[in-house]
Each structure stands twice: as C-alpha cells, then as structure tokens.
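A.B. asks: Predicted model, plus sequence, below.
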Amino acid sequence: MSMARILALARRIIRQVLRDKRTLALIFIVPLVVMTLLYLVLTGTSNVPTLALVRPTGAGSDRVNTILDSLLPGQDKLKTINIAASQVDTKLKNGNASAAIVFPPDFMQQILAGQRPAVRIVLEGSDPTVATAMSGTANALVHQLGIALAIAQAQQGKGGQTPPVLTTTLPFSVDVPQYLYGGPQYTFNDSIAPVFIGIFSFFFVFLLTSVAFLRERSQGTVERVMVSPLTRPELVMGYIFGFTLFALVQSLLILLFVVFALRVHYSGNLALVFLVTALLTVGSVNLGIFLSSFAQNEFQIVQFIPLVFGIQVFLSGIFWPVAQLPAALQPISYLLPLTYANNALRGVMLKGNSFGDIAGQLIALLVFALVMVFLSALSMRRQIA
C-alpha cells in the first residue's frame, strides 16, 4: 500500500470538489440554512390549543363563570376565548378554536329548578390527535365544574359545611362530543394521509422527470430528435406531455393505494383529490425539466432536494399550521405549492370540502403549473437553440 498514491487520489478529489461551487454550497451552506429554518420554526411556532367557551348568561351565571375561571389552566397551556352560541361552527371552521364547550344560557336556573341541563362539547375534528386531546381536556374541565357546583350546593344545604359524603352525580348532563369534521373513527394516519399523497406525488414526480430528462440530454437523444421533422414547440410540448402522462399515472396509483389498500377514512370526492394532485404533478414535472437544465449529472439533481423539498416540508403546514408559524416565515409558506396542495387535500379528505371550497387553492396550483410550464419550455428552447 502506497501512501503517496492514496494522498494523490485524495488531492485530486479535493481539487475536483473545490472546483464545483454547487457541491461546496451543498456541503457547507445548505445544512446551515435548513437548520436555521428548523430552529426558527420550532422556537417561534405556537402549539397551544384554543378552547372556545359559550358561557351561561342567565341568573346565577356569575358564580358558574367564577368557578369555571378558577379551573382553567394558564393561557400558556390552554388558550380560551368567549364566543356566542351562533359562532361555534364559524370559529371551529376558521381554525380559531379546536373545541368548544357550550352551556345553555339559563344553565344555573335549570340546576336550581332541579333540572339537569345539557352541556355540549363540539370538536373541530380534522386532526384526530388534537380532537382526542381536546375532548379529554373539555370533559375533565366540565366534570371538575360539576363537582365544584355539587360541593357548593351541598355546603349551602348544610349551612356552609362540607358534607362527609358527597354524591358523584353531576347536577347537569354532558352530551357525547360532537365532531364538526371526521369522527371518533378517524386516526392519526387518516389525518396525515392527504399530506403524504401530496408529498410523494410531488417528490417522486420531480425525481422521475429531472433524472429522465437529464439522461435524454446527456445521451444525445435530444439532438437526435431535433433532426426529425418536429418543430421546436412540438419538441418541447412532446417532452412535457410524455413525462406528464407517466407522472399522472404515478399520482393516481399513489392515491388509489392510500385509499383502497391502506383504507384510510375520507369524507370528500376522490375526483377532487385527483384534480389537486394532477395540478401539483403538472407543476412538478415542469419543475424537474427546468431544474435539470442546471445539472450535468444525477448527483447535481440530488443537490436540489434539500432546497426544493426541505423548505416545503417545514413551511407548507405539514407539521404545523401556517397560521402558527413565525410571522416572518408565513409569506414564504404562501409561495410554496405544497402549502396549497396540503390545504386542499386535507380540506377534501378530512372536511368533505367541495370544488368551491378549495377554488383558491386550485387557482394557486394552476398558476404554479403554468409558470413552471413556461420556465421549462424556455429552458428547453435554449438548450436546443
């Protein structure tokens, strides 16, 4: 074994890497950018849930509200807002609250009259993990309120002294939690499935197109096709249509596998789900064609992955709602196609949204697709000019 030959080979590799500025950026700059982004997201994102309260307003309600306020944890653990009964669905739909506790207006009057008023718990439900946690929190809070009211009533009947035995029967009833979306049968896998449909469709289509078109260029296929009777616009559109066909089939396969093989629960129209993935796929195909024009080999294609997908994974609402991200990062989120795809896919599959409900997201994905078609066509024309 010759150390001189080993060092000579090592020096050649070092010089080769030093001449490749893109590789140097991948090694030293991109990890710092991604870690900084992750740090900002983790330190600036609020994960504290919000509980909406429809408080009683009739006679005797002051005592109920005083006890209820004493039982609430701090705002750093559970945010609470006071709303009217007519605002419950709106607040939950808009994401202003994850659950609501609804007391009847004459809550205390019914108790004093010997009746058992019903307390409702309404859950937003699109995220089963949050819904389960908020159901437990709301039930515990209502149960503690019932015990406190029972103790107060017993003390009042015994001249202010706590009775030695206290009944566990609450002076009111608690209805089974209602779900605005989904239901108790929905699991965490059901909530994350729409996101994975978007991610996998976008990611694998990008890799398929960028690597395939890079090979078309590197093997001289593009030059050979140019000598055919095809015009340049026909050549450009032929490549786009050809790659898009396989990309759409791949996206359809992913969707069908998730729904019928993995058997995730869904509420909306699957045709709308495919429309969202189709628009995302068209944009991804042309993004792959466009970025492949800046690469000379497959390794350089891989270098785009941290920037193309790393930022989108953190900022597109996959793990944290965009509204909870730091204010400085939210404008970036609204420039990312996966943000609109995730919102639309979750809206259709978990909330049963219609075409009109996701029209804004569809328009954003269509604009992204058209922009990428233009850029990919422009880059191809330059290469075959």
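C.D. replies: Yep, it's here. Residues are numbered from 1 along each chain as shown.

A.B. asks: CA atoms for contacts and neighbours, from now on please.
C.D. replies: Noted.

A.B. asks: Going along the chain, name the helices of the stretch 201-350 of the chain.
C.D. replies: All helices of the stretch 201-350 of the chain, identified by DSSP state H, counting those that start in this stretch, fall at 221-226, 232-256, 270-292, 298-303, 305, 311-315, 330-333, 337-351.

A.B. asks: CSV for the ones you listed, including mean pLDDT?
C.D. replies: Shown next, in CSV, are the helices of the stretch 201-350 of the chain (pLDDT from 0 to 100):
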stretch, mean pLDDT
helix 221-226, 70
helix 232-256, 83
helix 270-292, 91
helix 298-303, 77
helix 305, 81
helix 311-315, 85
helix 330-333, 89
helix 337-351, 93
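
A.B. asks: Those helices: which one's closest to K91?
C.D. replies: helix 337-351 (14.8 Å; C-alpha to C-alpha).

A.B. asks: ok so, going back, nearest to D127, out of the helices of the stretch 201-350 of the chain?
C.D. replies: From the helices of the stretch 201-350 of the chain, taking C-alpha to C-alpha, the stretch that ends up closest is helix 337-351, at 8.4 Å.

A.B. asks: So which elements touch the closest one?
C.D. replies: Here helix 337-351 touches helix 188-218, helix 270-292, helix 311-315, helix 359-384, going by 3 or more C-alpha pairs under 8 Å, 6 or more residues apart in numbering; DSSP states H and E.

A.B. asks: So which of those helices is the most surrounded?
C.D. replies: Neighbour counts (mean count of other C-alpha atoms under 10 Å) averaged over each of these peak at helix 270-292, with a mean of 24.

A.B. asks: Packing partners of it?
C.D. replies: Packing contacts for helix 270-292, counted by 3+ C-alpha pairs under 8 Å, 6+ apart, involve helix 188-218, helix 232-256, helix 337-351, helix 359-384.

A.B. asks: Would you mind giving those helices as a markdown table with distance to I147 added?
C.D. replies: Output for the helices and strands packed on helix 270-292, formatted as a markdown table (distance: least, C-alpha to C-alpha, whole Å):
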| stretch | distance to I147 |
| --- | --- |
| helix 188-218 | 33 |
| helix 232-256 | 49 |
| helix 337-351 | 36 |
| helix 359-384 | 47 |
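
A.B. asks: closest to N94 out of these?
C.D. replies: Comparing these under C-alpha to C-alpha, the one sitting nearest is helix 337-351, at 11.9 Å.

A.B. asks: Tell me which residues touch S126, please.
C.D. replies: S126 makes contacts with Y181, G182, S191, L350, K351, as judged by C-alpha atoms under 8 Å, 6 or more residues apart in numbering.

A.B. asks: In ChimeraX, how would I select the buried members of those?
C.D. replies: Per 16 or more other C-alpha atoms under 10 Å, the buried members of the contacts of S126 correspond to this ChimeraX selection:
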select :181,182,191,350,351
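
A.B. asks: mind checking how far T169 is from Q153?
C.D. replies: 12 Å (C-alpha to C-alpha, to the nearest Å).

A.B. asks: correction: F172
C.D. replies: Going from F172 to Q153 by C-alpha to C-alpha gives 13 Å.

A.B. asks: More neighbours: those two, which one.
C.D. replies: Between F172 and Q153, counted using other C-alpha atoms under 10 Å, F172 has the larger neighbour count: 21 against 16.

A.B. asks: The more buried one and R120 touch, don't they?
C.D. replies: No - F172 lies out of contact with R120 (C-alpha atoms under 8 Å); the separation is 10.9 Å.

A.B. asks: what separates Q312 from N343, distance-wise?
C.D. replies: Distance of Q312 to N343, given as C-alpha to C-alpha: 13 Å.

A.B. asks: Now do K93: how many residues are near it, please.
C.D. replies: Neighbours of K93 (other C-alpha under 10 Å): 16.

A.B. asks: Looks like it contacts E124 (just checking).
C.D. replies: Yes - between K93 and E124 there is a contact under C-alpha under 8 Å: 7.2 Å.

A.B. asks: mind listing what the nearest residue to F243 once chain neighbours are set aside touches?
C.D. replies: Distances taken as C-alpha to C-alpha, 6 or more residues apart in numbering put T209 closest to F243, at 6.4 Å, once the chain neighbours are dropped. Going by C-alpha under 8 Å, 6+ apart, T209 touches F243, V285, N286, G288, I289.

A.B. asks: pLDDT weak spots in the chain?
C.D. replies: 44-46, 155-168, 222-223, 225-227, 230, 232, 381-385 (pLDDT under 70).

A.B. asks: all strands of the stretch 1-150 of the chain, in order?
C.D. replies: In the stretch 1-150 of the chain, the strands defined using DSSP state E, counting those that start in this stretch lie at 50-54, 79-82, 99-102, 118-123.

A.B. asks: And for I101, the neighbour number?
C.D. replies: Neighbour tally, I101, other C-alpha under 10 Å: 24.

A.B. asks: Equivalent analysis for I358, please.
C.D. replies: 19.

A.B. asks: Phi first, then psi, for it.
C.D. replies: Taking degrees, to the nearest 10, you get phi -110, psi 20 for the backbone angles of I358.

A.B. asks: Tell me how far it lies from L248.
C.D. replies: Going from I358 to L248 by C-alpha to C-alpha gives 20 Å.

A.B. asks: And for V30?
C.D. replies: 31 Å.
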